[in-house]
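Colleague: fold the following, please.
(2 chains)
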Amino acid sequence: MSKSSKKQFWWNNAQYRSLFFQVLLVAMVAGFFWFIGSNTLHNLEKRGISTGFAFLSQKSGFGILQSLIPFTDADSFGRTFLVGLLNTLLVSVLGVIFATVIGFTMGIARLSNNWLIAKIATVYVEIFRNIPLLLQIFFWYFAVLRALPSPRQSWSAGELAFVNIRGLYLPQPLFDDGFGYVGWTFVLAIVATVVIARWRKKRQEETGQQFNIWGAAFGLIIVLPLLVFFAVGSPLSWELPVLKGFNFRGGVTIIPELTALLLALSIYTATFIAEAVRSGILAVNSGQTEAASALGLHKSKVLKLVVIPQAMRVIIPQLTSQYLNLVKNSSLATAIGYPDLVAVFAGTTLNQTGQAIEIIAMTMGVYLTISLTISAIMNWYNKKIMLVER
Amino acid sequence: MKKITWALAATAMTLAITVGTVQASTKEEVQKRGVLNCGVSTGLPGFSIADEKGVWAGIDVDGCKAVASAVLGDATKIKYVPLNAKERFTALQSGEIDVLVRGTTWTLTRDSSLGLNFAGVNYYDGQGFLVSKKLGVKSALELGGAAVCIQSGTTSEMNLADYFTENNMKYEAVVFDTHDATLKAFENGRCDVLTSDQSQLYGLRTHLPNPGEAFVLPEVISKEPLGPVVRQGDDAWLNIVKWTFNAMIEAEELGLTSANVDAMKADSNSPSVRRLVGLEGIAGKGLGLSDDWAYQIIKQVGNYGEVFERNVGTGSPLNISRGLNALWSKGGIMYAPPLR
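Modeller: Purely as a prediction, here's the structure:
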């Protein structure tokens, strides 16, 4: 019997059949979420719980300790969202920078031939990696900061900067007319340096001639803006913090909650980064190092040209996870009163409006967006440094 | 944090899954379970605090006990659920607790948009300021520029902003999750002032290493009627909680105490007393409780005056005078509608 003579039903066709079940599954999932969503709304309404996002434009009526944008209690709940978001971003960005610097230093130090340096790095990693982060945050906030003096007995550095239990008070730069020129010169200098660096690399690849870029970079980025600065008549003055009433006024204030959270987050995350760096470096076959040395490369060049590029391939994926952890862990801020998104928006704002579902959904959306953005950037960088097969 | 996440998840789940309009009555649920789930604070002296053996005490805890006595006939059948200010409403909405007695201020927003109902007032409070004597401040009007420690999720945050705005003063709000963290920050000098309801300030002050060094400023900047809260939509349960608290006030007015209630029940021929202990009148029928519900409250917990004196009054470390919380007939505003 030939195949064509037998009538074939569509459900016997593997391709159609799999398509059918996939469509069915998608429909069921969509239906499930639609049911959950509409049922939630129905029940909220029935129980007399307000819904919707109208609360975002209502007056907030409470104060926030630290805000990167102007904020008073007359501003809306929507603005408290922005203030919290910016505070979360601030501590996350600073935390990522500090954690990376400490982590790389400690990771390399652990592999040092110097016994003492290697042991210190090991002890650091083993201690801070193994204590819960929340305890570390409390430690920095309540134990360490308690040692600081009260406002009237502040420690001062030349009457310019002050430290007390309320925070670190620094002079604030006030930019006068003409400072814009200095800023633009600085930006142009950076662009020019990048251009020179590219030219240098290209020339070296073509002719083998080397060019020391550091002198040029220093002249362009530091000296040139300074010359412009004096040429336009030093358009910069400083506002000093002054003790007035209960505390210092004026200048820039760095609150102790930020300091404590930042310390805890960077020190904790850096231990994991240090281990990632160590594993990355150890993953590079020692034959590679030996071969590079045999070619007569200087130790620093071996590290820069042979070890690090290969180690980065191992380090980057782990680094990405650690950055994501740091951002998410920053939500522990609420325990010590740092006004981050969770403390301000999912805390005070939620309680004043009672609209838990909307607020928690918005907060989760923010963390998801930040995390996905970090992932995307790191994946892009990872692709860039991946092994190029020639 | 974990708790609130769970509670939120639970609310979301309940709200998502509950279908139709059938809802079991809270009273029946509690009686079937044999235990009252009562939401209290995480530890506030005089109001609700657990001692080192885990035994809860306080004026709010006695509120829980009164409800349990009325509904279950036994003041000990309670599971206390300690909640911070942020978690409390979600825990009630999600059904994790049956009644919330946690120094909760009765406001229009809370009553109308959270799906909750306030069942009365068990303590009339007002917001005040606790300052260190070293600060040298005599009035709240001298607090311009001060750093203020405050617990998040409270009406205090809004009152504080209102007060400082009205008086053209600036302040720095340092917000914490729990009473403990707030007090610790104040103790360490992170802020100049701690603000909260006055009753709480007296309670927190007793926890300072040296209570004599701090005092409460005379200004009261808000009205804070604190009372028990139940879920909206179960009127029978609302009535039970409401009349439990009314019965305690009525008992004080009639002079019934935990000590003399047995004797009064046996001997008294005053119709009011006989109605309250369930010998005459409607007794427990309207509420769907046993006839001696009020008798059980008085016998096992006591009248409002006893509860007040025992936990926060002059006989306690808090040493708060009755003030507004005295009976209406004695210069206060505690007043129960007639139990008949």
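
Colleague: okay, CA-based contacts and neighbour counts for the rest of this
Modeller: Will do.

Colleague: what does stretch B:222-229 contact?
Modeller: B:63, B:99-106, B:116-127, B:159, B:197, B:241 (Cα atoms under 8 Å, 6 or more residues apart in numbering or on different chains).

Colleague: check stretch B:134-146 too.
Modeller: Against stretch B:134-146 from outside (Cα under 8 Å, 6+ apart): A:245-247, B:129, B:131, B:164, B:167, B:169-172, B:191-193, B:213, B:217-219.

Colleague: inside helices: which ones of those residues?
Modeller: B:Phe164 (DSSP state H).

Colleague: can you select the buried ones from the contacts of stretch B:134-146 in PyMOL?
Modeller: Buried residues within those, by 16 or more other Cα atoms under 10 Å in any protein chain shown, are selected in PyMOL with:
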select buried, (chain A and resi 246+247) or (chain B and resi 129+131+164+171+172+191+192+193+217)
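
Colleague: from the contacts of stretch B:222-229, which ones fall inside strands?
Modeller: Taking DSSP state E as the definition of strands, these contribute B:99-105, B:116-118, B:123-125, B:127, B:197.

Colleague: so which residues on the stretch 101-250 of chain B come close to chain A?
Modeller: B:109-110, B:112-115, B:145-146, B:152-155, B:157-158, B:160-162, B:172-177, B:181, B:185, B:188-192, B:232-233 (Cα under 8 Å from any Cα of the partner chain).

Colleague: quick one, which of these are buried?
Modeller: In those, the ones that pass as buried (16+ other Cα under 10 Å) are B:110, B:113-115, B:145-146, B:152-155, B:157-158, B:160-162, B:172-177, B:181, B:185, B:188-192, B:232-233.

Colleague: how about the helices in the stretch 151-300 of chain A?
Modeller: Along the stretch 151-300 of chain A, counting by DSSP state H, counting those that start in this stretch, helices occupy A:179-207, A:213-218, A:224-231, A:256-283, A:286-294, A:299-301.

Colleague: what about residue 127, neighbour count?
Modeller: In the absence of a named chain, chain A is used. 11 (other Cα atoms under 10 Å in any protein chain shown).

Colleague: looking at chain B here, not the other one
Modeller: 21.

Colleague: same check, this time on B:Val40
Modeller: Neighbours around B:Val40, by other Cα under 10 Å: 30.

Colleague: check contacts around the nearest residue to A:Phe128 once chain neighbours are set aside.
Modeller: Leaving aside its chain neighbours, A:Phe128 sits nearest to A:Tyr268 (5.7 Å; criterion: Cα to Cα, 6 or more residues apart in numbering or on different chains). Counting by Cα under 8 Å, 6+ apart, A:Tyr268 makes contact with A:Phe128, A:Arg129, A:Leu133.

Colleague: correct me if wrong: the first one contacts A:Ser266.
Modeller: When you say that, I think you mean A:Phe128. No. At 10.4 Å, A:Phe128 does not count as touching A:Ser266 under the criterion of Cα atoms under 8 Å.

Colleague: more neighbours: which of these two?
Modeller: A:Ser266 (24 against 18).

Colleague: pull up the residues of the stretch 101-250 of chain A that are close to chain B.
Modeller: Contact residues (Cα under 8 Å from any Cα) of the stretch 101-250 of chain A with chain B: A:Phe142, A:Arg146, A:Ser150, A:Ile165, A:Arg166, A:Gly245, A:Phe246, A:Asn247.

Colleague: secondary structure class for the first one?
Modeller: State at A:Phe142, reduced to three classes by DSSP: H, G, I helix; E, B strand; the rest coil: helix.
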